[in-house]
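Asks: Below is the structure, and that's it, no one-letter string:
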């Protein structure tokens, strides 16, 4: 399936752990399909890096340092 077949344009995705690994891959993939992405990550610099990568590719992203753990 390509971006034309499954557009996420006009939608916003919130991805936790989006600074590296699987979370980053998911964030980049959602952006490639047109979603705006809120990049949540413990480390602010890592969140900004992923958001910048999305924006360089033409997407929209917001980097948010966040801890979503319980406790």
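Replies: Structure received. Values in this document were obtained by computation on a predicted structure and should not be read as measured data.
Asks: Could you look up the SS state of residue 48?
Replies: helix (DSSP: H, G, I helix; E, B strand; the rest coil).
Asks: Now the closest residue to it other than its chain neighbours. Its backbone dihedrals?
Replies: With C-beta to C-beta, 6 or more residues apart in numbering as the criterion, residue 48 has its nearest non-adjacent residue at 4.4 Å, and that residue is residue 63. (Glycine included, C-beta is placed from N, CA and C.) Dihedral pair for residue 63: phi -90, psi 130, per degrees, to the nearest 10.
Asks: Residue 63 against residue 50, yeah?
Replies: Yes - the pair residue 63 / residue 50 is scored as a contact, 7.1 Å apart, by C-beta atoms under 8 Å.
Asks: Common neighbours of those two, please.
Replies: Residues touching both residue 63 and residue 50 (C-beta atoms under 8 Å, 6 or more residues apart in numbering): 39, 41.
Asks: quick revisit: how confident was the prediction at the residue nearest to residue 48?
Replies: Listed pLDDT for residue 63 reads 98.
Asks: Repeat that for residue 1.
Replies: So residue 1 comes in at 58 (pLDDT).
Asks: what does residue 4 give?
Replies: 58.
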